[in-house]
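Asks: After the sequence you'll find the predicted model.
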Amino acid sequence: MGLKKNMVLQRLLKNKLAVIGLVIVVINILVALLAPKLAPYDPTHMDLANSLQEPGTGIHFFHTDDTGFHLIKIDDTEIHLLGTDDFGRDLLSRIVYGSRVSLLVGFVSILIGGTLGTVLGLIAGFYGGKIDSVIMRFMDGLFAFPYVLLAITLMTALGTGLHNIIIAVSIINIPGFARIVRGETLVVKELDYVEAARSLGAKNRRLIFWHILPNCMAPLIVYATMGIAGAILSEAALSFLGLGIKPPDPSWGSILKDGQEYLAVAPHITTFSGLSILFTVLGFNLFGDGLRDALDPRLKQ
Amino acid sequence: MLKYIIKRIIGLIPVLFCVSVVVFVITRVIPGDPAAVMLGPQATNEAVEALRIKLGLRDPLLVQYGRFLMQLLRGDLGTSIAYNQPVLDLILDTFPNTVLLAASSLLIATIVALPIGILSAVKQYSIFDYLSMTFALVGVSMPVYWLGLMLVLLFSIKLQLLPSIGMGSLSNGLGDILSHLILPSIALATIPMANFARITRSSMLEVVRQDYIRTARAKGLSEWKVIIKHSLKNAMVPLLTVMGMQISMMLSGAVLTETIFAWPGMGRLVVDAIEKRDFIMVQGSVMFLAFIFVFVNLCVDVLYVLVNPRISYDNKGGDSSGA
């Protein structure tokens, strides 16, 4: 087993794109953890006199003799590396703090939705018959909603706020996990070693969680990694529609929404917040893609 | 074949039933009193109470659900609270616009993605393959609404080439509608395009390794013929399955895209209805969209069996019907 893990890791590290993805993910986690240290200002501090400042405000370049360009701060203008928004809040600080919301929603909702979906999928696949039909028809029912619409309706019902986003995004992720795990379970439960464990007297619960689940882990991990990317996109979409994080707390989607109004005069608000979403989601997708290739080399010969 | 189709349609009944339960439960817990919203802030308590009774909001939930279900079976989606018009009429006014948007996006996505996917597979591990698959992954990661805003920034605000909101009107000629259609359909096409390119590539790679392709090559057929005539046809099968899934994704994307571009489609209708707490409109349109989705997937499944003779449809009936 240890040898196998090593091989997976080696294959993963050989894949340049996967490593890039991993680096993006790690940077994101660090930024989220160290947000209070990294953000130059309080993300909710308003300064109307300095609203809609362009990126680079307060930075002055001076040409001094032959040594080239020097970064010198001359007056007491505040430095806003990425500019400010309509309330004069520092955009960099807001984006740094926004990463917390994205990652939290991404990880926690996949943990909750993934766990529920996995258990449902295991039960459906293992027991089959009526139980399977009832569970999977219900999952199909959830799956039949365009997910944004389901999330929007749930958010309207639950009200805005971080907890409710996590609940809504968890729910929309349940059917996907259930389906993947059910499919795997159907295959794995027929394998000889499961039969062997059963004949040794293993109870159903032990069979499901000790013998079948571990063998479903590979596709599950890949799906979860991609799922985090999707969850981050969902959170951003909900916040963008004004159904997510309550103002004035920053989330990438809500910054984007605020910036939409000022697209013509202050495009930097929309541009940078959107780029943050894109890079983070890309990071998780690159990593997940590499992980799949590493776990299942048959796919990439 | 007919037996299979009938079996599948019967299999859809419990799914649609579950959908109706979920829709009903969610819309009933939406906060805000629809009766009060309908009458506005000046309404007296008596008037609001009278309307609640008239709308049946005072009845037990089970009775309300029964009524909702009976209406659905008759094809009646109720009357919108905010517009005071039948929900179905409002949907039929806006749905064609969403179909227009989604169809043109699907067209763009397919036209761009197929050649890229094929070329990537044929020239596996080339720079082209590497670049296009990296771009495809960027595409999959794209927040559609952000891309939409960036397109507006570039083409409408900076270059002033294309209109950024609305749909235009036929009375100004077809060109007016087309020019309004370009930006939103590009935005909406991005994710399916990226997905199609990835799937075309991987299924082409799968097919190219098969024996009959080697035979075709050995017969001395031109490479071009081998790719188009022998490989592509079989590589299309997985693509078809994904198309069904993409429809759901596109309806989701359409909600956001229509919001950005003020496109008068169903997505905007639903978002608007949610803002106005028009729960009858919400439950009606969500029901409608779910129905369309389930129906499209049924068609895809049937097509799937038709193109792929290796799949016997007799034992496929119990399998997940949404995929």
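Replies: All right, it came through fine. Numbers count the residues shown, from 1 in each chain, chains lettered A, B, ... in the order given.
Asks: Count the residues that sit near whichever residue of chain A sits closest to chain B.
Replies: In chain A, the residue that lies nearest chain B is A:Gly141 (2.8 Å; CB to the nearest CB). Using the backbone N, CA and C atoms, a C-beta is placed for each residue, glycine as well. With neighbours defined by other CB atoms under 10 Å in any protein chain shown, the count for A:Gly141 comes to 23.
Asks: do the same with B:Gly139
Replies: 22.
Asks: any low-confidence regions in the stretch 51-200 of chain A?
Replies: A:58-77 (pLDDT under 70).
Asks: in it, which spans are strands?
Replies: For the stretch 51-200 of chain A, the strands defined by DSSP state E, counting those that start in this stretch cover A:60-64, A:68-72.
Asks: still on that earlier bit, would you check that the residue of chain A closest to chain B makes contact with B:Cys18?
Replies: Yes. The pair A:Gly141 / B:Cys18 is scored as a contact, 2.8 Å apart, by CB atoms under 8 Å.
Asks: roughly how far apart are B:Arg74 and chain A?
Replies: Applying CB to the nearest CB, to the nearest Å, the value for B:Arg74 to chain A is 21 Å.
Asks: Can you pull the phi/psi pair for that residue?
Replies: Per-residue torsions, B:Arg74: phi -90, psi 0 (degrees, to the nearest 10).
Asks: Now for it, how many residues are close by?
Replies: Neighbour tally, B:Arg74, other CB under 10 Å: 8.
Asks: Give me the distance between it and B:Ile81.
Replies: B:Arg74 is 20 Å from B:Ile81, where distance means CB to CB, to the nearest Å.
Asks: Which residues of the stretch 151-300 of chain A lie near chain B?
Replies: Applying CB under 8 Å from any CB of the partner chain, we find that the stretch 151-300 of chain A lies next to chain B at A:152-154, A:156-157, A:159, A:179, A:229, A:233, A:236-237, A:240-241, A:256, A:260, A:263-264, A:267, A:270-271, A:273-274, A:277-278, A:281-282, A:285-286, A:289, A:299.
Asks: Which of those residues fall in helices?
Replies: Among these, the residues falling in helices (DSSP state H) are A:152-154, A:156-157, A:179, A:229, A:233, A:236-237, A:240, A:256, A:260, A:267, A:270-271, A:273-274, A:277-278, A:281-282, A:285-286, A:289.
Asks: Quick one: name whatever helix or strand follows the helix or strand of chain B with the lowest mean pLDDT.
Replies: The weakest-scoring helix or strand in chain B, judged by mean pLDDT, DSSP states H and E, is helix B:34-39 (a mean of 68). Downstream of helix B:34-39, the next assigned helix or strand under DSSP states H and E is helix B:45-55.
Asks: Going along the chain from that next one, find the next helix or strand for me.
Replies: helix B:61-73.
Asks: And for that following helix, what's in contact with it?
Replies: Residues outside helix B:61-73 that contact it (CB atoms under 8 Å, 6 or more residues apart in numbering or on different chains): B:20-21, B:24, B:28, B:56-57, B:59, B:77-78, B:283, B:287.
Asks: just the buried members of these?
Replies: Taking 16 or more other CB atoms under 10 Å in any protein chain shown as the criterion, what is buried in these is B:20, B:24, B:57, B:77-78, B:283, B:287.
Asks: what kind of secondary structure is the one residue in the stretch 1-150 of chain B that gets nearest to chain A in?
Replies: Per CB to the nearest CB, B:Cys18 is where the stretch 1-150 of chain B lies closest to chain A, at 2.8 Å. Look at B:Cys18: counting by DSSP: H, G, I helix; E, B strand; the rest coil, its state is helix.
Asks: Burial check on it, number of neighbours?
Replies: When neighbours are defined as other CB under 10 Å, B:Cys18 has 20 of them.
Asks: thought it was touching A:Met136?
Replies: No. Counting by CB under 8 Å, B:Cys18 stays clear of A:Met136, with 10.2 Å between them.
Asks: how many neighbours does B:Glu206 have?
Replies: 15.
Asks: quick one on the thing from earlier: check the contacts of helix B:61-73 and tell me the two furthest apart.
Replies: B:Asp59 and B:Met287 (19.8 Å; CB to CB).
Asks: hmm, back to that, which among the residues of the stretch 151-300 of chain A next to chain B count as buried?
Replies: Judged by 16+ other CB under 10 Å, buried ones among these: A:152-154, A:156-157, A:179, A:229, A:233, A:236-237, A:240-241, A:256, A:260, A:263, A:267, A:270-271, A:273-274, A:277-278, A:281-282, A:285-286, A:289.
Asks: what does stretch A:260-279 contact?
Replies: A:24, A:52, A:54-55, A:82-83, A:85-86, A:91, A:94-95, A:98-99, A:102, A:232-233, A:236, A:252-253, A:255-256, A:258-259, B:138, B:141-143, B:146-147, B:149-150, B:152-153, B:157, B:260.
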